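Enquirer: Structure, please.
(2 chains)
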Protein chains: 2
Amino acid sequence: MRPVAAEEVGKPAPEFAVVEQDGSVVGFVTVDDVIDVLIEEQTEDILHMAAVAPGAMDKPYFDNPIFRVVRKRIGWLLLLFVAGTLTSAVLHRFESELAAVVALAFFIPLLIGTGGNAGAQTVMTVIRSLALGEVGVRHAWRVVLREATTGVLVGLLVAPVAFGQALLWRAPLELALTVSVTMFSICVWSTTVGALVPILAQRFGVDPAVLSAPLITTLVDATGLVIYFTIAKAILGV
Amino acid sequence: MRPVAAEEVGKPAPEFAVVEQDGSVVGFVTVDDVIDVLIEEQTEDILHMAAVAPGAMDKPYFDNPIFRVVRKRIGWLLLLFVAGTLTSAVLHRFESELAAVVALAFFIPLLIGTGGNAGAQTVMTVIRSLALGEVGVRHAWRVVLREATTGVLVGLLVAPVAFGQALLWRAPLELALTVSVTMFSICVWSTTVGALVPILAQRFGVDPAVLSAPLITTLVDATGLVIYFTIAKAILGV
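Expert: As a prediction, this is how the structure comes out:
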């Protein structure tokens, strides 16, 4: 559905009066203005979610100078890069385990990718529910519990698939077990983090909409690798 | 800004008449209905972007049965998992290179993470511009060229940072060079793919809004690894 501006069909646009406390009218806002603002806000929200700074789409697509577009994107990209260097630090820390079982590396993108996706699903659901006023900071624990439960169920469904995929790639049984247990743990962890972070943001007065899915993904990447290697050490004894 | 329903302030809601071609009125749509639809559509779009199937938030947050929530999430999660197994295949293929230089693994999450983020920025910008009618299939090459140029500029800014970070982690000069050249190439590649995919979807009658950022991220993960190891072979001679 696409609302048509009243002017386009030759009718005056319906208006909302803007009134002072005492009832005196200070101006009018047309319905079209309201809809324009909703669409603009939606654009900002969508770009936020993809880690693009506000104002990147103030003008129609081709009218935004390319250097301005780059400026609106590079900040988050560098910030996420710096956060992402944590993953290098984690892998550096587990270098000997990685050297002993190179096959551990095969599953890194798959594990952190799935964790990032599950986290993104939760964080967007929670951010939207906060924006619509369906949940608030007072529901913090209920939301976290609910999302963690979703993570448990999702994890129980994905873990066996991961187990099968690892065996298909001729991974030894212990490695396949490591991968599937990690998959389950990362699903629970990423949904928990994905619920907790936007609620904490709201609690401390930060607009949860500025938390992008990429931010959660990056956070889950590094912590997910710690989970992976911890489980690998326990199961494989490397 | 938050629109207040007319009823809430005790006024009748402004209405739009729905008319037949001959001008006879068949019914009325209130402004509040229009705004409700905009908000509902926005919720669907946002969830799509996080790879959640439609209808997952038809009811207020706590009223959606948890098994229904899981069902709305697991499909995309498994699909992305299957697409993600390509990354294992790529790493398997380059096992000997990985075994020769274990340090190559350190930078995998960082490289594919940045590629995924740059791709997500582009795909959301393009999807939104398509939705607002600012670009169309006829602009395909201009959009791809523009996003690829953005990728070149972003890559030129991120690559030196990646070079420095690799040296900081005591990577040999050749490895640091490999990482930074890959970072640049992945930025250009992911923005190109991020522009091309939604336009191709539109061209073949698929709603670009169903293309989630996670889908692009997953696509860029596997192809990004091929780029990484190809550059590594060329520079390191492994």
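
Enquirer: need the strands for chain A, in chain order.
Expert: Secondary structure of chain A by DSSP state E: the strands cover A:15-19, A:25-30.

Enquirer: Could you check how far the nearest residue to A:Leu236 once chain neighbours are set aside is from B:Leu98?
Expert: Distances taken as CB to CB, 6 or more residues apart in numbering or on different chains put A:Glu174 closest to A:Leu236, at 5.4 Å, once the chain neighbours are dropped. Just so you know, the C-beta spots here come from the backbone N, C-alpha and C atoms, and that holds for glycine as well. To B:Leu98, A:Glu174 is 20 Å away according to CB to CB, to the nearest Å.

Enquirer: When the two are compared, which one has more neighbours?
Expert: Each of A:Glu174 and B:Leu98 has its neighbours counted (other CB atoms under 10 Å in any protein chain shown); B:Leu98 has more, 23 against 14.

Enquirer: these two touch, right, that one and A:Ala105?
Expert: Yes - assessed by CB atoms under 8 Å, B:Leu98 is found in contact with A:Ala105 at 5.8 Å.

Enquirer: joint contacts of these two?
Expert: B:Leu91, B:Ala105 (CB atoms under 8 Å, 6 or more residues apart in numbering or on different chains).

Enquirer: got a list of what the residue nearest the centre of chain A touches?
Expert: Nearest to the mean C-alpha position of chain A, by CA atoms, centre = their mean, lies A:Ala213 at 2.0 Å. Shown in contact with A:Ala213 (CB under 8 Å, 6+ apart): A:Met49, A:Ala50, A:Ala51, A:Gly116, A:Gly119, A:Ala120, A:Val123, A:Met124, B:Met49, B:Ala50, B:Ala120, B:Ala213.

Enquirer: Between all of those residues, which two are separated the most?
Expert: Using CB to CB, the pair of these lying farthest apart is A:Ala50 and A:Gly119, separated by 15.0 Å.

Enquirer: So the two - more neighbours on which side?
Expert: The neighbour comparison of A:Ala50 against A:Gly119 (other CB under 10 Å) goes to A:Gly119, with 32 against 27.

Enquirer: Stretch A:163-170 and chain B, any residue contact?
Expert: Yes - contact of stretch A:163-170 with chain B (CB under 8 Å from any CB of the partner chain) involves A:Gln165, A:Trp169.

Enquirer: From the rest of the structure, what touches that stretch?
Expert: A:106-107, A:110, A:173, A:175-177, A:179-180, B:81, B:85, B:88-89, B:92.

Enquirer: What of stretch A:189-206?
Expert: Contacts made with stretch A:189-206 from outside it, assessed by CB under 8 Å, 6+ apart, are listed as A:115-116, A:118-123, A:126-127, A:130, A:135-137, A:140, A:143-144, A:146-148, A:150-151, A:154, A:207-208, A:210-211, A:215-216, A:219-220, A:223-224, A:227.

Enquirer: Buried only: go through those residues for me.
Expert: Neighbour-count burial (16 or more other CB atoms under 10 Å in any protein chain shown) applied to the contacts of stretch A:189-206 gives A:115-116, A:118-123, A:126-127, A:130, A:135, A:140, A:143-144, A:146-148, A:150-151, A:154, A:208, A:210-211, A:215-216, A:219-220, A:223-224, A:227.
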